[in-house]
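Asker: Show me the folded form of this:
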Amino acid sequence: MKKRKKELINPKSGMRYTVCGEFFPEVYPAFRAERWSRGEETPLDTEMRLFGACMRWAFNRLQEGYTREELKKQGQKTFGLNSRFADDAILKAKEIIVSQKEQLNREIKETEAKLSRAKKKLKQAEASYKKAIAANDPVRIEKAKLAIRGRRARVKKLSDKLEKLKSYRDNNAIPKVVFGGRSLWKRVCKGRATKKEWQNARQNRLYARGDKTKKGNPNIKLSWRNGEFYLAVTVSHLSEQKEVDSAGRPLMTRAPKASGKLWLPEKHRVKVLELLLSGAPYSVELIKGSDSRYRARITFTVESPKTQTHPNQGYLGVDTNPDGVALANVNYFGQPEPWPDGFIVPHPKALYKYAGEFQITIHKNGFLYLTVPELAYGRGHRRIYLTGVLAKVVTDIAKTIGKPIALEKLEFSKDRLDTNKKFNRMAANFPYRKVTEAVIRRAFKEGIGVKPVWPAHTSTIGWWKYMQQYGITVHHAAALVIARRASGFKEYITRELKQKIQSIREELNQKVNSLPGEGKGMTRKAKRLFKRLEEKISFHNGLTRFKQESFYSVWHNLKELALLK
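Answerer: Below you'll find the model as predicted:
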């Protein structure tokens, strides 16, 4: 199966909008069904339990080759659900299977990359062992033996994993799925959680799709009365058969409903009310938490807002960093543009609870840095909140200056994890992708244009060409390069840049003539680097943008040269 790239924005089909609220059921049906109810659970909890059971049953039957049409009628009869709830449970199960197959292909590709790197490291360890034997160094020999043993174990582990994953793919199967959560199940096995908690996690959801012909959602209906939102949930298992029609189909009584108030955040109430007035379809998912409170997720599609910005004004370049973002206000000609008169950075009132929580550094020549230190070390929910706050500030700045946003299209796969400790730590603690996605989502809602660009060498170009010229940090310079790249500008090797390279060459030669030292001055590595630079610089300016921005372009060698200083 070909790997599908995740589309962050699809303006043609609109954007899915999800509103989270809390449901307070007040009215329940007066009677219970002896066949379906258990103990003292409410009819709503019974409906959720039956829905979860139907989903797990459909998950197993779909893997056995049954079709959706075959399972729909059987699911209604087995679990007492109406046709819509049964069909929604089957579709949920089908989505799980599809997502697991996609994940399986990703895991195979990533495991192959890990195995290739592990084999390469094993060869390096074996070469070091041979050199240690030739040098007759006992310490190095023991270290090399230890490295070989560990890397052979790593290669065997990855090989076994890859073989197992490929067997799933060849047999058109998927790895075992644990409903209720694998981590929770492991805690139950270790005695750290009760079996009741795991069972509740398996039967705590109820999902209903919207229907355009029914003007909303017939199974979980949202309404507005007397200034309040209400939710009515169909309890389908309480519907009884009263007779059979001429075609032999059962005619059921109207199912009762469990209803109550629905609390929604103030900022979403107007949008949800517009949804009800329009009669557009919406999907609702009810989730019962461990605290016995019902959360409701209402999902609907909104039309693409009209774009309020245009590239002919330039771009707002955004460079993402561990503790915040660097911004560059760049005009149509690719040059920094000062901030407008009276410009004030919009900031949310929820922050500034203590000094240093949210820091703003403004440069009058068009650069700005937003620092949120907790992004680098905060806990999960706190980091998600701060990411959303940061995205709101960035989009508000773009709206104020009337320019679209240019940012790096960063994607981190797991192929380097647990084989590169430095990258592993950085990728685990640095929410690159979350910040980028939050900015894109927020910009789309506000009607602000966004242009992701290829991220290669942005910091290197900024360090060599613009940091000293404008007296800014390397992060500001990278944001400037990102905005210029979004506008379509090439990054040429200028005369000033050639002079910088020549001065570094002379500096390295002086180090050789002054104080001798191993690995200092004009080493053989430095000489090879300058030779490659001379070859690439001669024709760099005549290359296309794609070749100028490629990984092994002249900027890759300039990065190595900067690290030699």
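
Asker: Please save the CA atoms from stretch 401-412 in CSV.
Answerer: Only the C-alpha atoms of stretch 401-412 are listed here, as CSV (Å, rounded to 0.1, in the frame of the first residue of the first chain):
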residue,chain,number,x,y,z
ILE,A,401,0.1,43.4,9.4
GLY,A,402,-2.0,41.8,6.7
LYS,A,403,0.5,39.2,5.5
PRO,A,404,0.3,35.4,5.0
ILE,A,405,2.5,33.1,7.1
ALA,A,406,5.5,31.3,5.8
LEU,A,407,6.8,28.4,7.9
GLU,A,408,9.0,25.3,7.6
LYS,A,409,7.4,22.0,6.5
LEU,A,410,8.9,19.9,9.2
GLU,A,411,8.3,16.1,9.3
PHE,A,412,10.0,13.8,11.8
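
Asker: What residues of it count as buried?
Answerer: By neighbour count with 16 or more other CB atoms under 10 Å, stretch 401-412 contains the buried residues 401, 403-408. (C-beta placed from N, C-alpha, C; glycine too.)

Asker: Going by residue numbers, what spans are strands in the stretch 101-250 of the chain?
Answerer: 205-208, 220-225, 228-234, 241-244, 250-252 (DSSP state E, counting those that start in this stretch).

Asker: nearest spatial neighbour of Gly289, skipping sequence neighbours?
Answerer: Spatial nearest neighbour of Gly289, excluding adjacent residues (CB to CB, 6 or more residues apart in numbering): Arg295 at 6.4 Å.

Asker: Also Lys261?
Answerer: Closest to Lys261 by CB to CB, 6+ apart is Phe24, at 5.0 Å.

Asker: For Pro175, which residues are in contact?
Answerer: 100, 104, 165, 168 (CB atoms under 8 Å, 6 or more residues apart in numbering).

Asker: Kindly recompute the last result at 7 Å.
Answerer: Residues near Pro175 by CB atoms under 7 Å, 6 or more residues apart in numbering: 100, 104, 168.

Asker: and which of those is nearest to Val188?
Answerer: Gln100 (22.1 Å; CB to CB).

Asker: List of residues touching the helix or strand hosting the residue nearest to Lys261?
Answerer: Phe24 is part of strand 15-27, with elements assigned from DSSP states H and E. Residues from elsewhere that reach strand 15-27, judged by CB under 7 Å, 6+ apart: 44, 231, 258-264, 268, 272, 286, 293-302, 304, 444.

Asker: quick one, longest helix in the protein?
Answerer: Using DSSP state H to define each element, the chain has its longest helix at helix 83-135.

Asker: quick revisit: in a markdown table, list the contacts of Pro175 along with distance to Asn329 and neighbour count.
Answerer: Listed next are these as a markdown table, based on distance: CB to CB, whole Å; neighbours: other CB atoms under 10 Å:
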| residue | distance to Asn329 | neighbour count |
| --- | --- | --- |
| Gln100 | 45 | 16 |
| Leu104 | 45 | 18 |
| Tyr168 | 51 | 17 |
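
Asker: residue ranges with poor pLDDT in the stretch 451-565 of the chain?
Answerer: When residues are selected by pLDDT under 70, those of the stretch 451-565 of the chain lie in 511-520, 565.

Asker: Let me fix that, I meant to ask about the chain.
Answerer: Along the chain, the parts satisfying pLDDT under 70 run over 1-14, 246-252, 348-356, 410-431, 511-520, 565.

Asker: can you count the residues close to Glu110?
Answerer: Glu110 has 17 neighbours, counted by other CB atoms under 10 Å.

Asker: Report the separation between the residue nearest to Thr194 when sequence neighbours are not counted and Arg202.
Answerer: Counting by CB to CB, 6+ apart, Thr194 lies nearest to Val188, which is 7.1 Å off, once chain neighbours are set aside. Per CB to CB, to the nearest Å, Val188 is found 11 Å from Arg202.
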